[in-house]
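Trainee: from the sequence below, what's the structure:
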Amino acid sequence: MRRRRFLPSLKTLTAFDAVLRHRSVTHAAEELNLTQSSVSRLVFSLEEQLGKELFTRERRRLIPNAVALAYHKDVARVLDILERASMAVVANPHGGTLSLAVLPTFATRWLGPRLGEFLAAHPGISVNLSTRIGRVDFAGEAFDAAIYFGSPEGAGTRCLKLLDERMTACVSPEFAARHPLVRAEDLGRLPLLKLESRPHAWADWFMAQGAAPQEGEGMLMDQFSMMIQAAISGLGVALLPDYLARAEIESGRLEAVLKPAVPVRGAYWLTWPESRNETPPLTAFRAWLSSL
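Mentor: Next up, the predicted model:
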């Protein structure tokens, strides 16, 4: 049985959350379509229920203390979970919903073009996609599964390998005309575009080309979509997953440098918590991915 003292109403929590996010009672009231005094009363009632002061009051301002800041992290996570769960019910009231976190570029360039096939084969299932660059905390976020790059997850989760990483170095046609690239060593004097999540990719690529790793200078980015545009603009040599490189090469926007699609460390994985292992939408999605 849940103790009601520790279950504040949704109205008080949303008011508390809005004040913390905006750092302003006025802006919180505007978002919630309430008066400022109503928001202040809701916050005060939350403090009374918890028996703790959450704000310092200065000239009608509510300044959150350390307790409020720590509490808000959990409150925001709970509200996000509740919102996502409600969206799933609205999108598919029969429960055939899969909430998936996925890498941004992988979602648009690999999964997206194939997802229609899955939905056509499973008309009762809805898929909700959210982009994530880092790992997902299944305990704190309402996702059924996630697609990420790296190595297998740890305890409490299961994994399915989707594909190994294979990289192709690419440059724009104009860049290639200015910088003839005959040997891997020729890249050492050029800007090498790098991705934060692939710290060893260039070293692996040089080794696969039979050359010693080069320490070329270059921009550091957090998404492949940015790297592709930088390469098209002639800002350096991009090292791209082959499924991205092929599309850019076929379009004529980029050209491959030396041996294409060489293996590097890491792979793309589907991961999910043990507790979701038997859910029908996830089971169907795993089977479909395994067949690709």
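
Trainee: buried residues in the lowest-mean-pLDDT helix or strand in the chain?
Mentor: The least trusted helix or strand in the chain, going by mean pLDDT, DSSP states H and E, turns out to be helix 66-91, with a mean of 85. For helix 66-91, burial by neighbour count (16 or more other Cβ atoms under 10 Å) applies to Ala68, Tyr71, His72, Val75, Arg84, Ala88. Where C-beta positions appear, they are placed from N, C-alpha and C, glycine not excepted.

Trainee: contacts only, for the fourth one.
Mentor: Going back to what we said before, that points to Val75. Contact analysis of Val75 by Cβ atoms under 8 Å, 6 or more residues apart in numbering lists Leu13, Phe16, Asp17.

Trainee: residue contacts, the last one?
Mentor: Taking Cβ under 8 Å, 6+ apart as the definition of contact, the neighbours of Asp17 are His72, Val75, Ala76, Leu79.

Trainee: not counting its neighbours along the chain, what's nearest the third one?
Mentor: When the adjacent residues along the chain are set aside, Ala76 lies closest to Asp17, with 6.0 Å between them (Cβ to Cβ, 6 or more residues apart in numbering).

Trainee: now that neighbour: how far from Val171?
Mentor: As judged by Cβ to Cβ, to the nearest Å, Asp17 and Val171 stand 48 Å apart.

Trainee: could you pull out the helices for the stretch 151-292 of the chain?
Mentor: Along the stretch 151-292 of the chain, counting by DSSP state H, counting those that start in this stretch, helices occupy 173-178, 201-208, 224-232, 242-251, 280-291.

Trainee: the last one packs against which elements?
Mentor: Contacting helix 280-291 under the criterion 3 or more Cβ pairs under 8 Å, 6 or more residues apart in numbering; DSSP states H and E are the following elements: strand 97-102, helix 112-121, strand 157-171, strand 255-273.

Trainee: distance from the least confident helix or strand of the chain to the middle of the chain?
Mentor: Here the centre of helix 66-91 is set off from its chain's centre by 18 Å, with Cα atoms, centre = their mean, to the nearest Å.

Trainee: next: stretch 127-144.
Mentor: Computed by Cα atoms, centre = their mean, the chain-centroid distance of stretch 127-144 equals 7 Å.

Trainee: so which bits of that stretch are buried?
Mentor: Neighbour-count burial for stretch 127-144 flags Val127, Asn128, Arg132, Val136, Phe138, Glu141, Ala142, Phe143, Asp144 (criterion: 16+ other Cβ under 10 Å).

Trainee: in terms of contact, does the third one touch Val102 like I think?
Mentor: Which is Arg132. Yes - shown here, Arg132 and Val102 form a contact pair, counting by Cβ atoms under 8 Å, at 7.0 Å.

Trainee: which residues do those two both contact?
Mentor: Here Arg132 and Val102 share the contacting residues Ala146, scored by Cβ under 8 Å, 6+ apart.

Trainee: how much space separates Asn33 from Arg23?
Mentor: Asn33 is 19 Å from Arg23, where distance means Cβ to Cβ.

Trainee: neighbour count winner among those two?
Mentor: The neighbour comparison of Asn33 against Arg23 (other Cβ atoms under 10 Å) goes to Arg23, with 12 against 7.

Trainee: give the bridge partners for the residue nearest to the more buried one when sequence neighbours are not counted, please.
Mentor: Using Cβ to Cβ, 6+ apart and skipping the chain neighbours, the partner closest in space to Arg23 is Pro64 (7.8 Å). For Pro64, the beta-bridge partners are Phe55 (DSSP bridges).

Trainee: quick one, what contacts the most centrally placed residue in the chain?
Mentor: Closest to where the C-alpha atoms of the chain average out (Cα atoms, centre = their mean) is Arg132, at 0.6 Å. Residues counted as contacts of Arg132 (Cβ under 8 Å, 6+ apart) are Ala101, Val102, Leu103, Ala146, Tyr148.

Trainee: re the thing from before, which of the buried residues of helix 66-91 lies closest to Asp222?
Mentor: Among the buried residues of helix 66-91, Arg84 lies closest to Asp222 (Cβ to Cβ), at 24.1 Å.

Trainee: quick check: the closest one touching Ala101?
Mentor: No - look at Arg84 against Ala101 with Cβ under 8 Å: they stay out of range, at 10.7 Å.
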